[in-house]
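from the sequence below, what's the structure:
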Amino acid sequence: MTANLKTAMTVTPIPPTPEKPARKIRWQALPPDFKLDDKPVENTGQPLLAGALRESLELSDRIKPEMLVASNFGLCATVDEQFIAKAPDWVYVASVLPRETPEDRKSYTPHLEGEIPTLVLEFLSDLNGEEYSVRQLFPPGKWFFYEQILQIPYYGIFEPVAGALEFYHLENGRYKLIQPDENGRNWIPEMKLFIGAWRGTKEERTGYWLRWWDEAGNMLPWAVERLQEAESALSEERQRAEAERQRAEQERQEKERLLEYLRSRGIDPEQLP
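Modelled structure (predicted):
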């Protein structure tokens, strides 16, 4: 992929249809004077959910330097000369271009800075239903922005209280609800991972979480789970070592009893062939 980080790219307008009027879409960086919406997250659970998703990917060595994995992070586009930035609760981009300067990213513009995101996730809590909004007028709704403007292949809406994940795949320009498999998980071929809901405790939160599973059905662990596995393995090793020590001690005692028996019969064990 080649792109100039200083030059906005223009996408050929999509031909109009009765349902989809023509729009001029440009891919340009966040303007220096643009103020991103920095309102706080709606509840304390959202950062934990987002962080847990990244943590298991990172510990499993599934986040590479060329990737972008972020939460509450602005995705940008300019539609009909109006700049738009929407911040999904979690976003995964498989390949981005290296930055010219080392500072942290404040936003991301597809095509200009790298690939279209593979997956965006929203954690349902917004009472006005922004996650489902197909509003086309400025400012557009999130659903419309992800589906029609960015055309992100996978969109998940997670309801943490009930543990319900609605998972959508972009097919023929529209999001189609994908039913989970028999294990309640959805497969993402580009990531070679399943995603699904799981109930348990992490940090101070007990409830439903989004988790990853590999192709073999193994859940990608969090750090605390890896620590527990390591401690369990160490405990088992100690138990095996103690069992071996006890067996050796029993064999030594049995040998001593046999030697003592031979001596009691006037037989010198050292003279035995």
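
please enumerate the helices of this protein.
45-59, 142-144, 223-264 (DSSP state H).

most packed of those helices?
helix 142-144 (a mean of 20; mean count of other C-beta atoms under 10 Å). For glycine as for every other residue, the C-beta is placed from the backbone atoms N, C-alpha and C.

ok so, going back, between the helices of the chain, which one is nearest to residue 91?
Minimum separation from residue 91 across the helices of the chain (C-beta to C-beta) falls at helix 45-59, 9.7 Å.

name the residues that touch that closest one?
Here helix 45-59 makes contact (C-beta atoms under 8 Å, 6 or more residues apart in numbering) with 41, 63, 69, 71-72, 89-90, 121, 123, 125, 158, 160, 202-203, 205, 207, 209-212, 220-223, 226.

tell me the angle that helix makes with helix 223-264.
Here helix 45-59 points in a direction 50 degrees away from that of helix 223-264 (axes from the mean of the first three to the mean of the last three C-alpha atoms, to 10 degrees).

mind exporting helix 45-59 as PDB, just the C-alpha atoms?
The C-alpha coordinates for helix 45-59 follow below in PDB (Å, rounded to 0.1, in the frame of the first residue of the first chain):
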ATOM      1  CA  GLY A  45     -16.900  -0.800  32.700                       C
ATOM      2  CA  GLN A  46     -16.100   0.400  29.200                       C
ATOM      3  CA  PRO A  47     -12.400   1.000  29.600                       C
ATOM      4  CA  LEU A  48     -12.100  -2.400  31.400                       C
ATOM      5  CA  LEU A  49     -13.900  -4.200  28.500                       C
ATOM      6  CA  ALA A  50     -11.700  -2.500  25.900                       C
ATOM      7  CA  GLY A  51      -8.500  -3.100  27.800                       C
ATOM      8  CA  ALA A  52      -9.300  -6.800  28.300                       C
ATOM      9  CA  LEU A  53      -9.800  -7.300  24.500                       C
ATOM     10  CA  ARG A  54      -6.400  -5.800  23.800                       C
ATOM     11  CA  GLU A  55      -4.600  -7.500  26.700                       C
ATOM     12  CA  SER A  56      -5.300 -11.100  25.500                       C
ATOM     13  CA  LEU A  57      -4.300 -10.200  21.900                       C
ATOM     14  CA  GLU A  58      -1.100  -8.700  23.200                       C
ATOM     15  CA  LEU A  59      -0.100 -11.500  25.500                       C
END
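
off-centre distance for that helix?
Chain-centre distance of helix 45-59: 7 Å, with C-alpha atoms, centre = their mean, to the nearest Å.

try stretch 59-69
Here stretch 59-69 is found 10 Å from its chain centre; the criterion is C-alpha atoms, centre = their mean.

and it, average pLDDT?
For stretch 59-69, the mean pLDDT works out to 95.

measure it end to end?
Criterion C-alpha to C-alpha, to the nearest Å; first-to-last residue distance in stretch 59-69 is 14 Å.

in that stretch, what counts as buried?
62, 67, 68, 69 (16 or more other C-beta atoms under 10 Å).

and the residues you listed, which is closest to residue 270?
Once C-beta to C-beta is applied, the member of these that ends up nearest residue 270 is residue 62, at 64.4 Å.

return the distance of the residue nearest the centre of the chain relative to residue 135.
Of all residues in the chain, the one closest to the mean position by C-alpha atoms, centre = their mean is residue 53, 3.6 Å from it. According to C-beta to C-beta, to the nearest Å, residue 53 and residue 135 sit 27 Å apart.
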